[in-house]
Each structure stands twice: as structure tokens, then as C-alpha cells.
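Chemist: Provided below for reference: sequence and predicted model.
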Amino acid sequence: MTAVIPSVRPAAPSSPDSSSTVDPAHHASALPVSFRALRRTFGTGNAAHTVLRDIDFDVRRGEVLAILGPSGCGKSTLLRAAAGLDAPSAGSVDIDGTPVQGIDSRCAFAFQEPRLLPWHTLQANVAIGLPKGTSAKQGKSKVGRLLELVGLDKFAKHRPREVSGGMAQRASLARALARNPGVLLLDEPFGALDALTRIKMQDLLLDVHAAEPTTVLLVTHDVDEALQLADRIIVLGKETGKEHDGATIVRTVDVPGDRPRNRGSVELARMRSSLLASLGVDGH
Amino acid sequence: MTHIGNPGATGNSVIATSKEGLEATGVTITTAGAAQPGPAGPSQDRSPANGWSPAGVLDHGWARLFLGLLIPAALIAAWQWSTSVGLFSVVQLPPPAMVFEAAADLIQRGELATHVAISTQRVLIGFAGGAALGLAFGALVGLSRWADVLLAPMIGALRAVPSLAWVPLLILWMKIGEDSKVTLILIGAFFPVFTTVSLALRHVDRNLVEAGRAFGLKGLKLLTTVQLPAVVPSVFSGLRLALAQAWLFLVAAELIASSMGLGFLLTDSQNNGRTDRLLLAIVLLAVIGKITDALLGVAEKWAVKRWA
């Protein structure tokens, strides 16, 4: 994990000119997200078990926020609450000022696994993400453009099982983007990929974020990934003395520097040690 | 996985034996690719094993059809033999020729076509109705916990009613006509589809369903986009069971009250001591049942390939 990997990413699509390929009429605007006194308890009575508590946080419009935390601390639960896939026991999630109630069409979700429909082509799978009321023609061109963006235009007609895991995950990302999301929710989307593919996918995400403005909430357990991608990082965990309660935000970190960041920079290395310490790991 | 008749280790051993056999008779064998890598190059090396082994024959539809007819042909031969040496009296078991004559006779009178047509029609209508209802109720009970709690016990109890128990009631309600027969067949076709679909829908990959929901799919759209395609193999095994059940219920319906159809041919022949026609009806039920099942099998193969 300590290997120094120089950033080799070509700077192409992140330049402002390249956004001219994006149809301006379909530009989603990035939306702010607010967690208000959010609490999530599973079970009732004696079996009740609080996973998250007192989450109060504002995610800025267009920002990339990484959510770090040890496994089982409720990172995914927080993300699912924002998507409306799960309802908080108390408190609320507001997107652009209005609370999330049920599946929210302003959000798009990319899961840890690609979760593509195996009987559809990649093209058809990406099309599932299109918002309701998209005309066939608009949809087709949008899907084509997104497949190109994630480098899958040559595999449009392939079935998910005919492509690699990394490619399937890219298709899953394209499906999420097809929704024109104001908020893009990523639940450890690169966790199951090999190290090299993961780095490529992270770079791709930055390109995508530059091409399609959206607020990104990224759940990850990979500190390096968080440092590489995020504007800010929140760390979820249990406060000392309150181990029996659920996890809450124990730390918020602003990550300095423009992206792409040098993966070997000294400053990031220091932050990594400190973040690892917050997660209960010796910072070496 | 999909290659059922895959020429694997057994295929090679078959080659070896047949080679020995041929060599014993003095035939020289030159296995095309292995001995001389021809102009087509190394890709040909494996082709003889895949394309031309005796076990590879099993991959060809027509060859399989021919091989499948071997046992029935042997049975007919045994039948012929047993009748010609006089093991059975003509009333007990008439020779195959007599059954063919009976068929020819009925065809000439135009009766056979009527029997076959009306029976097939009843089965197809009843099967279609039962399958559609089975699919609808199966989807409802499989997806909605409310429907499961409310409907499943009632449907389970109805399923426990033996098919023949419905006959008097159906005749009372619908008179002796097409309606009562088709309804009985519909009842028969309903349950296998209902059971397989409702059970299979409960085990659809939750992750896929959640992904569908996350992208705004719900209700009927979620069912047709994610859940139903995911259970296509189960739907077809239910349909095939239902089709077999439909033929079963057809005979039940026709045995009791009818003036046409293969079931009627059975009772009528029994009453008139026409064992030849009786056997003819049985053979026809076997053949038509197998043909309809094979057609459904072709549709299944296509659908599973499309949605798996």
C-alpha cells in the first residue's frame, strides 16, 4: 500500500473544452445534501441495535465527499438513506432542501458489485439508468456517449458475463450517470477490483466528475482512494466512552490540492497516517 | 454447462475402440489433423475429436431424434413378435398392424382428425388459460407478502382437491360442453405454474432487485424488467409440468363426459371391445403429448439462452 505510484493519467477529458461534447440540455446540476440528526436503529426492543446516530453534516454542491470508516460502521447505511433505499429511524436527509422520501430520482447509486442484468447487453443495462420520460432517440445517444466516456463503446452489445469485472463496474458507473444525477452515490464501487484496475477507475471517476457535474458521496475503506478523490473526508466511528451507541462522524478532513493529486506526495502520506490512526490502525 | 452431450473422455475412448475395431477388419485409418497438420494449420488438430467422434453425434438434432426412436421401434418389434407367436389373444393385445388399420379406418371416416383436433384444442386453450392465471397469481403471491398470507393457504387447499372431484361440479355449473372440459384442464395447468413461479420469485437475487429499485423501477415494470426474466428457467419448467398436467386432465374430462376427443375414443373403444382403437388412442396421446412438450422445449431453450 505504501508503493509510490506516479500519476500517469492523461489530462484529456477533464479540460473544460471536452465538456462541449456533452449536450448542455441534459446537464444535471449538482445538488447539496444535508444529513439532519440522522439515526438508524435496526430491530426493536431488546434486540434494538443502533448503527448510526447524530449524523449532522452538509455536503456542498458539486463536492466529492469520501466516507471512511471501519467495516460495519454504517457507511453503506448512510449512503442508502441518501438514496431512499433505506429510511432513517430519526432525522432526515435533505437534497437541495427537500427531504428524501422513498427512492429519490435525483440520486443515482453504484454498488460494490456491478449488479447488471445478465440477460441484457451493456447498452441495455446502461439504458436502465435513464430518467423516466427520456425519448428513445435521446436515450440512445446518451447511452452511446456514456459508454464512450467509460471506454466501453466497443462492448455495447456484449453481455455482462462476457466482459471483465472492471468493465462491468464501468458499465455500472455509466448506468448511474445515465440518470443525470444531482447526487452520485458510490458504495465502495472499486473495492472488488484489482489494484491496477482500481487506480484506472479512480482516474475515470475524476474524468467523469469533470464531464458531468454532480455531487459525489463515495463510501470507501481505502484511505488512499479517499485522499486521491475527495475534497473532504468524513470518518465514521464510535466515540470513546460511547462504544455501545452507534457510529457517528468522528472526524472531518479537508483534503488539500487540486486533482489529480500526486499519489506519492508527502503531505498526503502524513494525512494517510493520521486517518489510519483514526480508523484504529497504526500509521506506520 | 450447456453441453450435455459433450464429447469428453468417453468420446475419446469410443474413438479408440472403434479404431481398433476398424483396424482389425483391415481398414487403415488416417486421422486427418493429428497425423498431418494440413494447410489449415494447428487449429485443425483438435477438430477430429470435436467434430467427428461417435459421441459427437449426440450433438446433432437429427441423430438424436433417430436414436431416440430406436427404443420405440424395438418395442413395436417386441409387440409384433409377442402377438405373432400368440402370447396374447387379439382382444388382449391386437398386433401393431391392426392398430394401424384402425387408424387408417378412422382417418378414412374423418373421425381421427376430429378426435385429435378437438383434444389438442382443449389442451391448448386450457393450458394457455391456466398458465396465464398461474403466472399472474404466482407473481402476486411470490412478490407480495400480503398476497402470500391472504391467498397462499386457499390456493394450497384448492390444489389438494383431486382433479376428478371437480368434474361433477363443473358439469353441474357449465353443462357438458367445451367450457367444463377446458376449465378442468385450466385448473390442472394452473397449479404447476403457480407453484414454480411463486417459489422462484422469492429467490430472485435481492441485489439485482434492489439495483432495479434504485433506478426507479417498481411494480409491473420491475417485474417485467428484473424479476420475471430472472425466473425464466423456472417458469418454463412450470410450463412443461403444466402441459403434462393439461393432457392428464384432458383425459379425465373426456373419459367422463364427451362425444369427441381421444379420451372419448378410449371409453368408446373400451365399451365396444375395440382394443386396437384403445391402443391407438394411447399411442396418439403419447405421440402428441411428446410433440407438444418438445415444442415447448424448443421455446424453453431459446428463452433460457436469451434470459440466462
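Modeler: That came in fine, so what should we check first? Because the structure is predicted, anything quoted here is derived from the model rather than measured.

Chemist: so how far is chain B from the closest residue in space to A:F111 that isn't next to it in sequence?
Modeler: Leaving aside its sequence neighbours, A:F111 sits nearest to A:D187 (Cβ to Cβ, 6 or more residues apart in numbering or on different chains; 5.4 Å). C-beta here means a position set from N, CA and C on the backbone, and glycine is covered the same way. To chain B, A:D187 is 10 Å away according to Cβ to the nearest Cβ, to the nearest Å.

Chemist: what parts of chain B come near chain A?
Modeler: B:207-208, B:210-218, B:225-226, B:229, B:232, B:306-308 (Cβ under 8 Å from any Cβ of the partner chain).

Chemist: how does it look with 7 Å?
Modeler: B:207-208, B:210-211, B:213-216, B:226, B:229, B:306-308 (Cβ under 7 Å from any Cβ of the partner chain).

Chemist: which element is A:V235 on?
Modeler: In the assignment (DSSP states H and E), A:V235 maps to strand A:232-237.

Chemist: next: B:L158.
Modeler: Assigned by DSSP H and E, B:L158 falls in helix B:145-160.

Chemist: which secondary structure elements does that helix contact?
Modeler: Contacts defined by 3 or more Cβ pairs under 7 Å, 6 or more residues apart in numbering or on different chains; DSSP states H and E place helix B:145-160 against helix B:111-143.

Chemist: any residues of the stretch 51-200 of chain A in contact with chain B? List them.
Modeler: Counting by Cβ under 7 Å from any Cβ, the stretch 51-200 of chain A sits next to chain B at A:83, A:85, A:103, A:105, A:109, A:111, A:113, A:115, A:117, A:119, A:128-129, A:132, A:179.

Chemist: so which of those sit within strands?
Modeler: A:F109 (DSSP state E).

Chemist: circling back: selection in PyMOL covering whichever of the residues of chain B next to chain A are buried, please.
Modeler: In PyMOL, a selection of the buried entries from the residues of chain B next to chain A looks like this (16 or more other Cβ atoms under 10 Å in any protein chain shown):
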select buried, chain B and resi 208+210+211+213+214+215+216+226+229+307
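
Chemist: OK, contacts around the closest residue in space to B:F249 that isn't next to it in sequence?
Modeler: Closest residue to B:F249 apart from its sequence neighbours, by Cβ to Cβ, 6+ apart: B:G188 at 3.3 Å. B:G188 is in contact with B:130, B:163, B:245-246, B:248-249, counting by Cβ atoms under 7 Å, 6 or more residues apart in numbering or on different chains.

Chemist: B:G188 in helix, strand or coil?
Modeler: On the three-state scheme (DSSP: H, G, I helix; E, B strand; the rest coil), B:G188 is labelled helix.

Chemist: which residues touch A:F42?
Modeler: Counted by Cβ under 7 Å, 6+ apart, A:F42 has contacts A:49, A:51.

Chemist: and the residue nearest the centre of chain A?
Modeler: Nearest residue to the geometric centre of chain A (Cα atoms, centre = their mean): A:L186, 2.5 Å.

Chemist: per-domain residue ranges of chain B.
Modeler: B:9-55, B:110-307 (automatic domain parsing).

Chemist: start and end of the last one, how far apart?
Modeler: Separation of the first and last residues of domain B:110-307 by Cα to Cα, to the nearest Å is 44 Å.

Chemist: for that domain, the averaged confidence score.
Modeler: For domain B:110-307, mean pLDDT is 92.

Chemist: check which residues of stretch A:162-182 are buried.
Modeler: Applying 16+ other Cβ under 10 Å to stretch A:162-182 flags A:163, A:166-182 as buried.

Chemist: so which of these sit within helices?
Modeler: A:166-177 (DSSP state H).

Chemist: name the SS class of whatever residue of the stretch 101-250 of chain B ends up closest to chain A, please.
Modeler: Per Cβ to the nearest Cβ, the residue of the stretch 101-250 of chain B with the smallest distance to chain A is B:A211, at 3.9 Å. Judged by three-state DSSP, the three-state class of B:A211 is helix.

Chemist: how about it: what's its closest non-neighbour residue?
Modeler: A:R115 (3.9 Å).

Chemist: so who does the one you found touch?
Modeler: Each residue near A:R115 by Cβ under 7 Å, 6+ apart is listed here: A:172, B:207-208, B:211.

Chemist: so, low pLDDT: which residues of the stretch 1-150 of chain A?
Modeler: By pLDDT under 70, the weakly predicted segments of the stretch 1-150 of chain A are A:1-28.
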